[in-house]
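Engineer: for reference, the sequence and a predicted model appear below.
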Amino acid sequence: MATAGKVIKCKAAVAWEPNKPLVIEEIEVAPPQKNEIRIKVAASGMCHSDLYYLFEAKNSAGFPIVLGHEGAGVVESVGPGVTEFKPGDKVIPLGAYRCGECRLCKNPETNMCEKCWSNIESAQMSSSDTRFSCRGKPVLQFVGTSTFSEYTVLNQIAITKIHPDARLDRVCLFACSFCTGYGAAVNTAKVCAALKVQPGSVCAVFGMGAVGLAAVMGCKSAGASRIIAVDINEEKFEKAKIFGATDFVNPKAHQKPISEVLIEMTNGGVDYSLECVGDVTVMRSALESVVKGWGVAVIVGWNNVEDVSTRPVQLIAGRTLKGSMFGGYIGKESIPKLVLDHMAGRLNLDEFVTHTVKMDKINDVVELMKKGKCIRAIINISK
Ligand code: NAD
Ligand code: ZN
Ligand code: ZN
């Protein structure tokens with residue numbers, strides 16, 4: 001590649017400060033250093049976690065930053081020490097990766113990693129680094145990935161290679177929403193047996209965004225007999241039905257708390273509930289909607305600034321509250337297999353995609369997401 005070893009000037013959507021529109025800027029992307037890879041990003045979804053950083057995360061790592069963590073692209077060049085990848089490979093950058101060396105990575109029962117977690121919290125590609133700058137200022141790389149840029153740089157541990165025929169404007173959804181929701185419902189026999197939805201069980205999924213819809217899909221494929229879709233936006237129920245939901249509840253249409261409504265509907269509570277909203281009140285409802293004795297509630301929605309509360313007796317009664325990061329998937333190994341499932345027609349991603357736009361319309365996507373008017377808009381990042 002003619003660009004290998006050189007700084008690339010390219011377009012990116014920069015968030016200069018919280019609560020403001022993104023600005024399409026020319027940024028400079030440094031060449032990959034040791035063990036790093038520079039990727040030309042083809043397409044990216046926008047996830048609520050991007051919005052969370054922009055609008056809600058009061059203790060965020062800072063600005064300016066390039067958001068985006070649901071992308072797919074092609075390797076442009078590789079730094080010294082990279083043997084696993086070559087220019088032209090199709091890849092998916094991973095916000096959730098494993099360093100392979102820390103205490104957590106040594107335990108195959110979890111997908112968590114100390115290094116990855118600290119980078120997610122600091123919003124950088126490593127604890128002190130970024131390869132982006134704009135107008136002479138360093139620009140942070142959100143969870144390392146920054147897929148709202150034509151080019152991005154990641155360490156090879158945070159990239160997975162996928163099949164050369166993969167459709168990048170679809171399989172990008174494996175980088176976040178699909179794995180997060182689907183995995184929270186089905187994965188996990190090996191991550192945590194109690195999370196695994198059993199055949200014939202009754203499930204409730206709160207929040208019918210892409211993450212919640214993927215959770216509905218996961219509950220269905222695990223054989224749940226009844227899947228209750230809960231959302232305050234009834235426009236989402238049409239999609240929920242397509243993904244496999246059997247019952248539809250708008251909490252606002254009831255006088256009683258939603259947990260009581262679900263308990264009545266299910267003769268004592270659902271077996272599993274999945275919170276895919278990121279709201280601590282909804283998290284409490286999710287817990288209090290599961291049946292005494294064995295019910296499991298899973299927190300999927302992201303929130304790192306508020307406390308979640310409940311009365312201890314809710315847990316004493318035998319309910320379990322858990323969390324799930326990236327659906328328990330280890331992306332490096334799992335995503336290439338999911339891509340093959342998609343190519344073979346076993347996993348349909350098209351239903352998630354309600355809009356397709358070019359990067360210069362990225363603020364329209366922010367508005368669509370905020371207003372609940374899209375599931376996923378695919379942003380075509382580079383030409
Ligand atoms: P989204 O904004 O597209 O969808 C959220 C849905 O929740 C909307 O349909 C909205 O109408 C609904 N909702 C809002 N308030 C509600 C309420 N009180 N009761 C019921 N439904 C309500 O979001 P998304 O992109 O699907 O992401 C969902 C959540 O998952 C976010 O919190 C996101 O940050 C989080 N997330 C977590 C992980 C993880 O690894 N744990 C990864 C990705 C995303
Ligand atoms: Zn996400
Ligand atoms: Zn690790």
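Structural biologist: Ah, there it is. Ligands and ions are numbered 1, 2, ... in the order given.
Engineer: now look at stretch 281-292 and say if it contacts ligand 1.
Structural biologist: Yes. Residues of stretch 281-292 contacting ligand 1 under C-beta under 6 Å from any ligand atom: Val282. Every C-beta, even on glycine, is put in place using the N, C-alpha and C of the backbone.
Engineer: got a list of contacts for that stretch?
Structural biologist: With C-beta atoms under 8 Å, 6 or more residues apart in numbering as the test, stretch 281-292 has contacts from 204, 206-207, 251, 257-259, 262-263, 266, 268-275, 295-299, 301, 303, 308-310, 314-315, 317-321.
Engineer: just how off-centre is it within its chain?
Structural biologist: Stretch 281-292 has its average C-alpha position 22 Å from the chain's average C-alpha position, going by C-alpha atoms, centre = their mean, to the nearest Å.
Engineer: over to stretch 311-325?
Structural biologist: For stretch 311-325, the distance to the chain centre is 24 Å (C-alpha atoms, centre = their mean).
Engineer: show me what counts as buried in the helix or strand bottoming out on mean pLDDT in the chain.
Structural biologist: Least confident helix or strand of the chain, by mean pLDDT, DSSP states H and E, is helix 114-122 with a mean of 82. Across helix 114-122, burial judged by 16 or more other C-beta atoms under 10 Å covers Lys115, Cys116, Asn119, Ile120, Ser122.
Engineer: so which of those residues reach ligand 3?
Structural biologist: Filtering those for proximity to ligand 3 by C-beta under 5 Å from the ion leaves Lys115.
Engineer: ok, Ser334 touching Phe178?
Structural biologist: No. When contacts are counted by C-beta atoms under 8 Å, Ser334 is not listed as touching Phe178 (10.7 Å).
Engineer: find the nearest non-adjacent residue to the residue of the chain found nearest ligand 1, please.
Structural biologist: Residue nearest to ligand 1 within the chain: Gly209 (2.1 Å; C-beta to the nearest ligand atom). With sequence-adjacent residues excluded and distances taken as C-beta to C-beta, 6 or more residues apart in numbering, Gly209 is closest to His48, at 6.1 Å.
Engineer: count of neighbours near the one you found?
Structural biologist: 22 (other C-beta atoms under 10 Å).
Engineer: quick one: the helices in the protein?
Structural biologist: 48-51, 114-122, 168-171, 177-186, 210-221, 237-243, 258-265, 280-288, 312-316, 331-343, 362-370 (DSSP state H).
Engineer: got the angle for the longest one vs helix 177-186?
Structural biologist: Read that as helix 331-343. 100 degrees (axes from the mean of the first three to the mean of the last three C-alpha atoms, to 10 degrees).
Engineer: which strands or helices does helix 331-343 pack on?
Structural biologist: strand 159-161, helix 168-171, helix 177-186 (3 or more C-beta pairs under 8 Å, 6 or more residues apart in numbering; DSSP states H and E).
Engineer: which one of the ones you listed lies closest to Gly71?
Structural biologist: Gly71 sits nearest to helix 168-171 of all these, at 8.5 Å, using C-beta to C-beta.
Engineer: can you give me the mean pLDDT across that closest one?
Structural biologist: For helix 168-171, mean pLDDT rounds to 98.
Engineer: how about the CA coordinates for that helix, as PDB?
Structural biologist: The C-alpha coordinates for helix 168-171 follow below in PDB (Å, rounded to 0.1, in the frame of the first residue of the first chain):
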ATOM      1  CA  LEU A 168     -19.000  -5.700   5.900                       C
ATOM      2  CA  ASP A 169     -22.100  -3.500   6.100                       C
ATOM      3  CA  ARG A 170     -23.900  -6.300   7.900                       C
ATOM      4  CA  VAL A 171     -21.300  -8.300   9.900                       C
END
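Engineer: from the contact counts, what lies against it?
Structural biologist: Helix 168-171 is packed against strand 36-45, strand 70-78, helix 331-343, strand 376-380, with contacts defined by 3+ C-beta pairs under 8 Å, 6+ apart.
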